[in-house]
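Undergrad: Provided below for reference: sequence and predicted model.
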Amino acid sequence: MTLIECKNLCKKFDDKLVLNNINLKINKGKIIGLLGKNGQGKTTLIKLINDLLTPTSGNVLINGKPPSIESKKIISYLPEKMYLDKERKISEVLEYFSGFYDNFCKERAIRLLKDLNLDINMQISKMSKGMQEKLQLILVMSRDAELYILDEPLGGVDPATRDYILDTILSNFRKVASIIISTHLIADIERILDDIIFIDKGQIVLTSPADKLREKEKASIDEIFRRRFKC
């Protein structure tokens, strides 16, 4: 069943065409890698799906309807940049999320905090960048959403923690949901990907099941990406 559909989607900033005629369908129950070099339209596409930007032309549909307050209820979004109030303690943030999102599971968040050695009484301003990124990911994955969108979720954490985070992603999303992961760390995440989307110069240049692409090219997704986008 189709969860997201983009139809002839375009986005301009002033005279610059950032997304050009995007046609795309994402089904439920998939983990998708949205892959491309910097500045090729990944974050713009993510923001359009999240109703944070308005299309110049074309449209986005979530469960067959345009993005709205209702779609925000079923999308759990991890932006690339820190968005939490750094003067708050983790415990205060958990209370806020519990009150704001009906689908937030506080018990799951507390368990994940313990697993990642984060003190629930710690103030966010006292945390390292990597710790803050862990917290944001925990908050996102503690919602029972239909769609999780993770924009560079692994950039500030060490390789050992990346493995734990990927396992956390796998074990904490519902099989009827989907996850879109936008990242440069392809080698780290490709083991969990069902499908891949390559985006270049604002256009979708390749969509494929990950296993079929690996079999066809006799290479890893990381190697295929490097070949295709070689400078």
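TA: Sure, I can see it. The shown structure was predicted, so the numbers you read here are calculated from the model rather than taken from an experiment.
Undergrad: Quick check: the gap between K86 and S76.
TA: 21 Å (Cβ to Cβ, to the nearest Å). For glycine as for every other residue, the C-beta is placed from the backbone atoms N, C-alpha and C.
Undergrad: who has more neighbours, those two?
TA: In terms of neighbours (other Cβ atoms under 10 Å), S76 is the more surrounded of K86 and S76; the figures are 24 against 11.
Undergrad: and the more buried one, bridged to which residues?
TA: Y148 (DSSP bridges).
Undergrad: so after the helix or strand bottoming out on mean pLDDT in the chain, what's the next helix or strand?
TA: Lowest on mean pLDDT, DSSP states H and E among the helices and strands of the chain sits helix 159-172, with a mean of 78. Next helix or strand after helix 159-172 toward the C-terminus (DSSP states H and E): strand 178-182.
Undergrad: ok and whatever helix or strand I138 lives in relative to helix 159-172, angle-wise?
TA: If you go by DSSP H and E, I138 is part of helix 129-141. On the basis of axes from the mean of the first three to the mean of the last three Cα atoms, to 10 degrees, helix 129-141 is oriented at 10 degrees to helix 159-172.
Undergrad: Check which residues of helix 129-141 are buried.
TA: For helix 129-141, the neighbour count (16 or more other Cβ atoms under 10 Å) marks 131-141 as buried.
Undergrad: How many residues are close by D151?
TA: For D151, using other Cβ under 10 Å, the count is 20.
Undergrad: Low-confidence regions, this structure specifically.
TA: 156, 172-173, 231 (pLDDT under 70).
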